[in-house]
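Student: no sequence on this one, just coordinates:
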């Protein structure tokens, strides 16, 4: 399939995103004095912003590619939960998979910024697993919505929405209906994603998840680590992000290491969300491992040139992919 046709085909996809959707809150202000109560700066707030964070950034990246992104998560019935639903709806994202719970708080990461300097971050969150009732409600929504989708993404931030039991049931359901599953893991559930289609850890997560040490500069050691991961979790494949060393993919009997593109890096925040979004859409279209890795690697690098967390620019990705002959 020619690249323009691939990017056009993204528009026909529906992607289910299961995970920890949260709010990134920003308070922008100025500092003119030190508090008389303690030796800390007094920030005079001038502007506040709420943005989608966590799995919400994956939703935005999937949408930016042209696909329809469907959120499945559990959030609170608190005012922040209302704000989060408003944010999702304002972006035109599907919210039918959101479960509201009176017993759970909505995750908010609030950054206090004075001038260009972040003074402090305040996290309002719980890492407790969702209740049995909440899990049942979420699973019901997942099963209803997944049947419309061409791929499922697990976007795990270790905030309690995803559990071993939920993973097992969703993967089993997905296999039964021929829906590929793509995973962006965190530590708590790292070893629970058995039988998934494509598993995307970064280098640190891979080393800690399997408790192994290897030299990424030695191809045979990297290949052995990827194989150990595939064997441990009975994976169809893995896409390992290697930061400035690019990506490594072992999928569909194909193995390749693609170096990172030379970039002027401004901010690496959110690059992993872009990579998993592109990879999932490529898997849904049945693209080759080389192209999955190539487009994901390119997209992850592109968003690093921007300041802050931003979704991928589809037109720019296509233009650079054509130049790179992916």
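Tutor: Structure's in. What do you need? Owing to the predicted nature of the structure, the values given are computational and were not obtained by experimental measurement.

Student: what are the ranges of the helices in the stretch 201-326 of the chain?
Tutor: For the stretch 201-326 of the chain, the helices defined by DSSP state H, counting those that start in this stretch occupy 203-210, 219-233, 271-284, 289-303, 314-324.

Student: hmm, who's touching the second one?
Tutor: Judged by C-beta atoms under 8 Å, 6 or more residues apart in numbering, the contacts made with helix 219-233 from elsewhere in the structure are 191, 193-196, 199, 201, 206, 209-210, 212, 214-216, 235, 237-238, 240, 248, 250, 255, 257. For glycine as for every other residue, the C-beta is placed from the backbone atoms N, C-alpha and C.

Student: same thing but at 7 Å, please
Tutor: 191, 193-194, 199, 206, 210, 212, 214-216, 235, 238, 240, 248, 250, 255, 257 (C-beta atoms under 7 Å, 6 or more residues apart in numbering).

Student: Give me the buried positions along it.
Tutor: 222, 225-226, 229-230, 233 (16 or more other C-beta atoms under 10 Å).

Student: ok and it relative to helix 203-210, angle-wise?
Tutor: Put simply, helix 219-233 runs at 50 degrees to helix 203-210, going by axes from the mean of the first three to the mean of the last three C-alpha atoms, to 10 degrees.

Student: and what of the third one?
Tutor: Computed by the same axes, to 10 degrees, the angle separating helix 271-284 from helix 203-210 equals 80 degrees.

Student: got it, and the fourth one?
Tutor: Counting by the same axes, to 10 degrees, helix 289-303 lies at 120 degrees to helix 203-210.

Student: And the average pLDDT for helix 289-303 is what?
Tutor: Mean per-residue pLDDT for helix 289-303: 90.

Student: Over to stretch 8-27?
Tutor: Stretch 8-27 comes out at a mean pLDDT of 95.

Student: Endpoint to endpoint, that stretch covers what distance?
Tutor: 38 Å (C-alpha to C-alpha, to the nearest Å).

Student: Reformat the helices of the stretch 201-326 of the chain as CSV; add distance to residue 136.
Tutor: Listed next are those as CSV, based on distance: least, C-beta to C-beta, whole Å:
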stretch, distance to residue 136
helix 203-210, 28
helix 219-233, 25
helix 271-284, 26
helix 289-303, 34
helix 314-324, 37
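
Student: Would you tell me which of the ones you listed gets closest to residue 120?
Tutor: helix 271-284 (24.0 Å; C-beta to C-beta).

Student: rewinding a little: deepest in the core, which of the helices of the stretch 201-326 of the chain is it.
Tutor: helix 271-284 (a mean of 27; mean count of other C-beta atoms under 10 Å).

Student: Show me what it is packed up against.
Tutor: helix 55-64, strand 151-155, strand 181-184, strand 237-241, helix 289-303 (3 or more C-beta pairs under 7 Å, 6 or more residues apart in numbering; DSSP states H and E).

Student: Tabulate the ones you listed (JSON lines), appending distance to residue 324.
Tutor: Shown next, in JSON lines, are those (distance: least, C-beta to C-beta, whole Å):
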{"stretch": "helix 55-64", "distance to residue 324": "19"}
{"stretch": "strand 151-155", "distance to residue 324": "24"}
{"stretch": "strand 181-184", "distance to residue 324": "22"}
{"stretch": "strand 237-241", "distance to residue 324": "18"}
{"stretch": "helix 289-303", "distance to residue 324": "6"}
